[in-house]
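Student: coords please:
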Amino acid sequence: MPPETRSLWEQLDSDVEPWRRGRIALIVIAAFYVLLQAVTISQSFFAGNLEALLAFAAFCSVFWLSFYLIWIGFNWIRWLAGAWLGLSGFCFLIWALRDGNVVLGVAGSINILIATYFCLSPSVFFFAKRQRENRSWLHSGLVVAGLLLLSLTFFIGAIGLFAYQAHAQVAAIHFTQEAAQHVYGDGDRDWLSQHSTPQALARSDEKSLIAVFEDATRFVGPVTQISRTSGKARVLYRFPATLTCEAHMIADGISAYGHARMYFFIIDSGNGWQLQSTWWEHPGTPMPETITAP
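Tutor: Alright, predicted model coming up:
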């Protein structure tokens, strides 16, 4: 009898049934994505980025729905999952090369490897075949229904956040329109004091609201033909259960010294929009066509 030339691992691995190798591989893949998704969700949560949090949570719920369908033996799902992971991995690699991002490059390579395993590994096929034979439709139906309900919850939450953000956007534009008129157009110091945050009023350096207001009175105002303000409002989460809105807005107008551009950083912590900071500049460019008389 010829001597055994295989390593101990190769001998043990050859004795493992293919479906068992498929199960182990899926468990390892699931553990990897649990860790990756937990880190990503934690980052979005502590940064207060609700938009990214809801979008990623919805993606995670769809991902685990497809993974569970693979687990219970729907073999064709692995082709869809593999195609999606392969495409995302390829995009990650392109972005990593463009930006020089090593972490993104590693994530893209792992996605491509997992996609290849999903689509080409016989072990996954045999595991799916065995799972079909032992499938409990009642148990599987309950789990799938729960994952679908979770996905629907995140979807409804995203719609609600979009509607809330749209309302905040309109209110932010209206507030900064008034702020531009009162602060830079009329030089109304009382309005500034009544509509600024306590933190902003407490500052006493050269970038404080009062200092900027006095400089604007001397070197900018009065500003006329103020354009409609533009910018984007964001909804942020603050631990433990507080929603705040922030917005960076810009308006243009005409001063005695030519084109004036006004910047506003405003905050809504639940008591309406308030001015956190403002500044101005003379861009030295031709007057934008967007400027119209109010």
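Student: use CA for all of it now, contacts and neighbours both
Tutor: Will do.
Student: Do a quick rundown of the helices in the stretch 51-200 of the chain.
Tutor: Residue ranges of the helices in the stretch 51-200 of the chain, as given by DSSP state H, counting those that start in this stretch, are 77-99, 102-120, 122-133, 137-179, 189-194, 198-202.
Student: Show me what the second one is packed against.
Tutor: Counting by 3 or more CA pairs under 8 Å, 6 or more residues apart in numbering; DSSP states H and E, the packing neighbours recorded for helix 102-120 are helix 77-99.
Student: And the helix it packs on, what does it pack against?
Tutor: Checking 3+ CA pairs under 8 Å, 6+ apart, helix 77-99 ends up next to helix 50-71, helix 102-120.
Student: Among those helices, which comes closest to Ile250?
Tutor: When these are compared by CA to CA, helix 50-71 sits nearest Ile250, at 22.7 Å.
Student: How is this structure divided into domains?
Tutor: 16-135, 169-281 (automatic domain parsing).
Student: wait, which of those is closest to Ser151?
Tutor: That would be domain 16-135 among the domains of the chain, by CA to CA, at 5.5 Å.
Student: chain center to that closest one: distance?
Tutor: Remark: domain 16-135 is offset 19 Å from the chain centroid, using CA atoms, centre = their mean, to the nearest Å.
Student: Repeat that for stretch 208-219.
Tutor: Chain-centre distance of stretch 208-219: 36 Å, with CA atoms, centre = their mean.
Student: What would that stretch look like as CSV? C-alpha coordinates only.
Tutor: Taking Å, rounded to 0.1, in the frame of the first residue of the first chain, the C-alpha atoms of stretch 208-219 are listed here in CSV:
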residue,chain,number,x,y,z
SER,A,208,-19.0,85.8,16.7
LEU,A,209,-22.4,86.8,15.4
ILE,A,210,-22.1,90.3,16.9
ALA,A,211,-18.7,90.8,15.3
VAL,A,212,-19.8,89.6,11.9
PHE,A,213,-23.0,91.7,12.2
GLU,A,214,-21.0,94.9,13.0
ASP,A,215,-18.5,94.2,10.1
ALA,A,216,-21.5,93.6,7.7
THR,A,217,-23.1,96.9,8.8
ARG,A,218,-19.9,98.7,7.9
PHE,A,219,-18.6,96.8,4.8
